[in-house]
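# Using only what follows, build the 3D model:
(chains A and B)
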Amino acid sequence: MSQKPQRPIPEWLRLDNAAKIYPAARTKGWMPLFRVSMTLDEDVDEALMQQALQATLRRIPLFSYRLRRGLFWHYFERQGREPVVEPDARNPMLPINLTAGRGFQFRLRVHRKRVALEVFHALADGSGAFTFLGTLVAEYLFLRTGERTPAAPPVLDTRDEPRPEEWEDSFAKYARGATRPRTERKAWQLRGTPGKAGLLRVTTGVMDTGRLKEAARNRGATVNTLLCALLLKALIARKAQSARGRRRPVKLSVPVNLRRYYPSQTLRNFSFYVNVPVDTGLGGYSLDELIALVGHYMGLETAEKALNARFSLNVQAERNALLRAAPLFVKTLVLKMMYRFTGESYMTSTLTNLGQVDLPPRMGAYVKQVEIILGPAQRTPISCAVVSAFGRTSVNFSRTIQESLVERDFFTSLVDLGVPVFVQSNES
Amino acid sequence: MSYCVQCGVKLAGELKSCPLCQTPVYNPLQPPSPPSEGAYPEKVEEAAVRIDRGYARLLSLVAILIPMLVSLVLDLIDGGGNWSPYVIGALVMLWCFLAVPLLFSLRRPYFAVALDVLALCGYLALIAALNDGFSWYLGVVLPLLLLTGLIVLAMLLAWRRQQVRKLYRAAVLVTLFALWLIGIEMVLDLGILGGLSLRWSVYAAIPVVVVALMLAGVEQNKGLKEAIRKRLFI
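Coordinates of the predicted model:
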């Protein structure tokens, strides 16, 4: 299995096109994070996990890089130090201190049977993070049981050498000349009573994937379309009770994994998003109408050409000579403003659906639950993340406000559609 | 494990209430499992305070010391030592104006205002000393600055009395403004003319005091206040 490295692992890397905005957008109390986790069949042995982490970092060196400031751009610098497995906390995803300590851009946390990986979005997207976590857990299971899980994406073999395709900037590679403008209508913003600072409220609903698929099929929808429509329905219900921003549409941001369209093997960011708008000024919407709307809109916007034209605009902006020549602090200011005025203001909430994570069947005997949680956004108070594995789907809501009405509408609608939901939460 | 009677979802064993609707879980056959067996640990992590004010203060000192030293050295190379005190004094004053309120955790603004007045007094004293002009400084500038500083401090003190109604506070502020006008003429008369003859300041102060009385009167008369609010609301 072992191969010779095609190129040495670079000492430093440029940030990929999507990652460039994240170091600039972060503030003193906030940074864009997400968390992927797996719950095993028995309590995690921290010492073994530490060993597994070492082996995984050797195979996936991208996760060893730390963020540094250059004169013109941020960059990733390789480091030889090792991160330490940390105990988990009730409030996940507090900002990672990127300068103090070891300066890693991720945290590996353990609580009883669960191992969780919290990642700064500049480093990787959900797909890359699942590859890292899958490889880590496969290595851990090998150390625990002595049996090696055969490598198959997203799990990599830790005995193999790292490959340059794994840290390539796929945006730059696949961008073309044609572009589309990024201006959109601003979205209605959900507001609520702010919760305690630093305490992200997480509500997880676990359900049988088969039942969910059946409920979607009964409505003539895919699982993703059904979940988007249900979340939009819950958000529209909240908007109906709000006096603000009546003319603004409710918009759901749905990330799209670009690896579906291109043969990319990068573990870094390679996803884009579609903001699905619902103009509530036109009247009320039934669930079937929302399903049709989401299905048609996503069908149109997730065409390869449409997506390519949108991310190509970002790549062209990055190549602009004037922008490149501007010092980092000027770029930071510009990108901060862009994120503020065009990023989150175009969405009411996010629903990221990683879909089915095809872990090797052997891991199914040990991995009981797979989860993804989005960190708090800067302005939108509630986000939703979905992932399925081994016949179970987990839907995770993370919110910074006290009101749980959106999740309630969402999960009770699923129960009404005949999908039993098992709910967990970090609220005591 | 219990189901929420409101939402119909199955709840994790450690939950004492439904996280979706906050309905308490009551199941005599199956009491909640201990929190230590829950999906999340009990420990709540505190967010690290990212602002290191001590470091920022040090950095701000270094930031003004460098141009100070550069200008001093250049001035000495020029052979005079003539202009660098102006630059150094201005930088010190600027540091007092900007760095003190931003980099020191001051709960009340009085110290910062007093320091600003003193810094301005000091810088103008430096200019006076370098130009042999203490007569204009001591006779006019220093009293004017001290008067303005005192009036601003009194205004801040009055405005920060939250328990006093807004229009009363506004009346006090306007009255202090009138006093400031009179004070200015007094200082100018004594400093420049050598004798006191109050004229223009009294004419200016009379309408200002009338405005103050009107504000207090409106605050006193609830009916009038309400009538004004009714017609002018935005």
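# Now whatever residue of the stretch 101-250 of chain A ends up closest to chain B: closest residue in space that isn't a chain neighbour?
Here the stretch 101-250 of chain A gets closest to chain B at one residue, residue A:198, 3.8 Å apart by C-beta to the nearest C-beta. Quick note: C-beta positions are derived from backbone N, CA and C, even for glycine. Nearest residue to residue A:198 in three dimensions, chain neighbours excluded: residue B:47, at 3.8 Å (C-beta to C-beta, 6 or more residues apart in numbering or on different chains).
# Around that neighbour, count how many other residues there are.
Residue B:47: 14 surrounding residues under other C-beta atoms under 10 Å in any protein chain shown.
# Contacts only, for the most centrally placed residue in chain B.
For chain B, the residue nearest the mean C-alpha position is residue B:109 (4.7 Å; C-alpha atoms, centre = their mean). Contact partners of residue B:109, counting by C-beta atoms under 8 Å, 6 or more residues apart in numbering or on different chains, are B:101, B:156.
# what about 10 Å?
Counting by C-beta atoms under 10 Å, 6 or more residues apart in numbering or on different chains, residue B:109 touches B:101, B:116, B:152-153, B:156-157, B:160.
# Please list the residues outside stretch A:241-251 that contact it.
Contacts of stretch A:241-251 (C-beta under 10 Å, 6+ apart): A:184-192, A:231-240, A:274-282, A:285, A:345-350, A:380, A:405.
# Need the contact partners of stretch A:290-299.
A:216, A:219-222, A:224-233, A:236, A:252, A:254, A:256, A:274-279, A:285-286, A:351.
# 7 Å instead, please
A:219, A:221, A:225-226, A:228-229, A:232-233, A:254, A:274, A:276, A:278 (C-beta atoms under 7 Å, 6 or more residues apart in numbering or on different chains).
# among those, which are in helices?
Among the contacts of stretch A:290-299, the ones falling in helices (DSSP state H) are A:225-226, A:228-229, A:232-233.
# ok so, going back, buried members of the contacts of stretch A:241-251 into PyMOL, please.
Command for PyMOL, covering only those of the contacts of stretch A:241-251 found buried under the criterion 16 or more other C-beta atoms under 10 Å in any protein chain shown:
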select buried, chain A and resi 186+187+188+189+190+192+231+232+233+234+235+236+238+239+274+275+276+277+278+280+285+345+346+347+348+349+350+380+405
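# Near chain A, which residues of chain B are found?
Within chain B, the positions lying close to chain A (C-beta under 7 Å from any C-beta of the partner chain) are B:7-12, B:15, B:19-21, B:35, B:39-48, B:50-51.
# follow-up on the earlier one: look up how far residue A:181 lies from the residue nearest to the centre of chain B.
Distance of residue B:109 to residue A:181, given as C-beta to C-beta, to the nearest Å: 47 Å.
# go on, residue B:163?
Taking C-beta to C-beta, one finds residue B:163 at 54 Å from residue A:181.
# Please apply the same query to residue A:139.
Distance from residue A:139 to residue A:181, by C-beta to C-beta: 45 Å.
# Of the two, give the one with the bigger neighbour count.
residue A:139 (27 against 8).
# Pull the contacting residues for the more buried one.
So residue A:139 contacts A:52, A:55-56, A:158 (C-beta under 7 Å, 6+ apart).
# Save the residues you listed as JSON lines, and put in pLDDT, neighbour count and distance to chain B too.
Below are the contacts of residue A:139 laid out as JSON lines (pLDDT from 0 to 100; neighbours: other C-beta atoms under 10 Å in any protein chain shown; distance: C-beta to the nearest C-beta, whole Å):
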{"residue": "A:52", "pLDDT": "96", "neighbour count": "26", "distance to chain B": "21"}
{"residue": "A:55", "pLDDT": "95", "neighbour count": "17", "distance to chain B": "26"}
{"residue": "A:56", "pLDDT": "96", "neighbour count": "25", "distance to chain B": "24"}
{"residue": "A:158", "pLDDT": "93", "neighbour count": "20", "distance to chain B": "29"}
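# from those, which ones fall inside helices?
A:52, A:55-56.
# Tell me which stretches of chain A form helices.
Under DSSP H, chain A gives helices at A:21-25, A:46-59, A:126-145, A:170-174, A:209-218, A:223-240, A:287-301, A:304-319, A:321-325, A:328-338, A:405-416.
# Residue B:113: what's it in contact with?
Residue B:113 sits next to B:149, B:152-153, B:156 when contact means C-beta under 7 Å, 6+ apart.
# Could you turn the buried ones of those residues into a ChimeraX selection?
In ChimeraX syntax, the buried subset of the contacts of residue B:113 is picked out as below (16+ other C-beta under 10 Å):
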select /B:149,152,153
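# between the contacts of residue B:113, which is closest to residue A:419?
residue B:156 (61.6 Å; C-beta to C-beta).
# Ramachandran coordinates for that closest one?
Here is the backbone geometry of residue B:156 (degrees, to the nearest 10): phi -60, psi -40.
# per-residue confidence for the residue nearest to the centre of chain B?
Note for residue B:109: predicted pLDDT of 88.
# From residue A:92, how far off is the residue of the stretch 101-250 of chain A closest to chain B?
The value you get for residue A:198 to residue A:92, if C-beta to C-beta is used, is 11 Å.
# What of residue A:45?
For residue A:45, the distance to residue A:92 - C-beta to C-beta - is 21 Å.
# okay, these two: which has more neighbours?
Higher neighbour count among residue A:45 and residue A:92: residue A:92, with 24 against 14, using other C-beta under 10 Å.
# Now do the contacts for the more buried one.
The neighbours of residue A:92, taking C-beta under 7 Å, 6+ apart as the test, are A:35, A:118, A:200, A:202, A:373.
# pLDDT below threshold where in chain B?
Along chain B, the parts satisfying pLDDT under 70 run over B:48-52, B:234.
# So which residues of it form helices?
Along chain B, counting by DSSP H, helices occupy B:53-78, B:84-103, B:110-130, B:134-136, B:142-159, B:166-188, B:200-220, B:222-232.
# Report the angle between the second one and helix B:53-78.
What that stands for is helix B:84-103. 170 degrees (axes from the mean of the first three to the mean of the last three C-alpha atoms, to 10 degrees).
# can you check the fifth one too?
Taking the same axes, to 10 degrees, one finds that helix B:142-159 is oriented at 170 degrees with respect to helix B:53-78.
# Give me the distance between helix B:142-159 and the centre of its chain.
Distance of helix B:142-159 from the chain centroid (C-alpha atoms, centre = their mean, to the nearest Å) equals 14 Å.
# what about chain A, any weak spots by pLDDT?
A:1-7, A:100-101, A:428.
# 80 instead, please
A:1-7, A:28, A:99-102, A:153, A:243-246, A:428 (pLDDT under 80).
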